[in-house]
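Novice: Show me how the following folds:
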Amino acid sequence: MNRTLLFAPLIAFMVLVAVFFVQLGRNAEGDDPTKLESVLVGKAVPEFRLEDLAEPGKLYDQSIFRGKPLLLNVWATWCPTCYSEHTFLNTLAQQGVKIIGLNYKDERLKAVGWLNDLGNPYLVTLFDGSGMLGLDLGVYGAPETFLIDAQGIIRYRHVGDVNDRNWRDTLKPMYEKMLAESQS
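Specialist: Numbering: from 1, shown residues only. The predicted structure is shown next:
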């Protein structure tokens, strides 16, 4: 048997290890894995017609995103990270932050029960059972949160939970800037 063939698996393994180290090194240099660029940043929320989560038959469209800056929070009961961020969203809502919820690929009754049990931080909760609006937004999963200005333009996309740190350091300054712009 040829000696080269004996070492081929070892060589392949070493190349794979080198690739992993390069990728890890990139992340260590400051890449933020929660920041996924969105082609929709700077564009209007896609057109849609979705039912209210708690009131089937009550329809909303993209016009609900016009008039005041707000957050669009994509969540689901099957998402453990959504559960952990929910208390913080309730706190933000109590502080006057406007939030619209997008219940993503979920069961309506479970989602209604979730909001009844844990509190409802949302002005409106859209039911996206099929995930089509999520798909149009480029959602990879839940939770994801979009900052939307008073004209209905997506200004930022945050992947992962909204918590005190990322709210204070990133999202709040952007939200407050959009509020100031909408009042001038």
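
Novice: So which residue is dead centre in the protein?
Specialist: For the chain, the residue lying nearest the average C-alpha position, counting by C-alpha atoms, centre = their mean, turns out to be Glu144 (0.9 Å).

Novice: now that residue: how far from Trp78?
Specialist: Computed as C-beta to C-beta, to the nearest Å, the Glu144 to Trp78 distance reads 14 Å. Backbone N, C-alpha and C define where each C-beta goes, glycine included.

Novice: same deal with Phe127?
Specialist: With distances taken as C-beta to C-beta, Phe127 is found 14 Å from Trp78.

Novice: Of the two, which one has the most company?
Specialist: Shown here are Phe127 and Trp78; by other C-beta atoms under 10 Å, Phe127 has more neighbours (23 against 15).

Novice: tell me the contacts of the more buried one?
Specialist: By C-beta atoms under 8 Å, 6 or more residues apart in numbering, Phe127 lies in contact with 50-53, 56, 103, 106, 108, 111.

Novice: Tell me what it is bridged to.
Specialist: Beta bridges link Phe127 to Glu51, Asn103 when assigned by DSSP bridges.

Novice: can I see the domain layout of this protein?
Specialist: Domain segmentation of the chain under automatic domain parsing yields 1-31, 49-183.

Novice: Please state the offset of the longest one from the chain centre?
Specialist: Just to be clear, that refers to domain 49-183. 8 Å (C-alpha atoms, centre = their mean, to the nearest Å).

Novice: and that domain, how far apart are its ends?
Specialist: 28 Å (C-alpha to C-alpha, to the nearest Å).

Novice: Likewise for stretch 70-90?
Specialist: End-to-end for stretch 70-90, by C-alpha to C-alpha: 14 Å.

Novice: For Leu123, give its distance to Pro56.
Specialist: Distance, Leu123 to Pro56, by C-beta to C-beta: 18 Å.
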